[in-house]
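Peer 1: Mind looking at a prediction? Sequence and model below.
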Amino acid sequence: MLSFLRHPPIVSRPATQGAMSAIWIDGVGCFWLSLKDRVTIGGPGTPSAKPDEPRESADLAILSDLKQRHATIVRNGEGYLLEAHGSARVAGREVLDRTALNDGAIIELGRSVRLRFRQPSALSLSARLDFVSDHRPTQSVDGVVLLADTCLLGSGEENHIVCHDWLGQILLVRQGLELWCRSRQALTVNGHRLGSGRRLQSGDVVSGEESRFRIEIPN
């Protein structure tokens, strides 16, 4: 897990991949936030046949020997499914086509990539992917939040991102492609009071007595 000093100046630009946003949390680490209903997982992208075309890759491209599009996590109105395009196992069982994902399930892809699926809150459809094996994307992160509606940040295990030293809870709310921040705590965004809530923009720094994070949102 990445570790930071208490309230240092945040000057570096957080790592993002594709259309994912990134959140750097002081003392906790870096997480990606995906708003997609379908998230592909695979190995590093291969160069395009044409030099001026971008490299193709999965939404979550992991440094591994996985196929370029090895699996897809699909969110529907009831939960999540894993679609297998290469060798895959969920909870120890081989996936030939697709299977439901339950909280705590271990996803095994290829010979050695292992992820844990978490859906910690019964009040939110959002979920999180943890890296169980040592495999990581090119930019190392601590997890990926599959953001359906809300993302809870706080000290309890019911939160999507667990921040052990926090005394209160912060809520990120998805409204279309926008992210809003709400909390009962006295927070500031770039030094200005949060109030009842505020839409977050790329580069915003949210601070409280025991909490601080920066958000990066791709254009």
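Peer 2: Ah, there it is. Numbering: from 1, shown residues only.

Peer 1: Okay, now the unreliable bits of the chain?
Peer 2: Applying pLDDT under 70 to the chain flags the ranges 1-19, 45-56.

Peer 1: Domains in it, by residue range?
Peer 2: 1-34+147-219, 36-142 (automatic domain parsing).

Peer 1: so who does residue 181 touch?
Peer 2: Residue 181 is in contact with 170-173, 187, 189, 194, 197-198, 200, 206, counting by Cβ atoms under 8 Å, 6 or more residues apart in numbering. Yep, even glycine has a C-beta here, placed from its N, CA and C like the rest.

Peer 1: So it versus residue 207, what's the distance?
Peer 2: Residue 181 sits 11 Å away from residue 207, going by Cβ to Cβ, to the nearest Å.

Peer 1: ok, the residue nearest to the spatial centre of the chain to residue 93 distance?
Peer 2: Closest residue to the average C-alpha location of the chain: residue 144 at 2.2 Å, with Cα atoms, centre = their mean. Applying Cβ to Cβ, the value for residue 144 to residue 93 is 23 Å.

Peer 1: helix, strand or coil for the closest residue to residue 132 other than its chain neighbours?
Peer 2: Excluding the flanking residues, the one nearest residue 132 by Cβ to Cβ, 6 or more residues apart in numbering is residue 114, at 4.0 Å. Classification of residue 114 using DSSP: H, G, I helix; E, B strand; the rest coil returns strand.

Peer 1: how many neighbours does residue 114 have?
Peer 2: 16 (other Cβ atoms under 10 Å).
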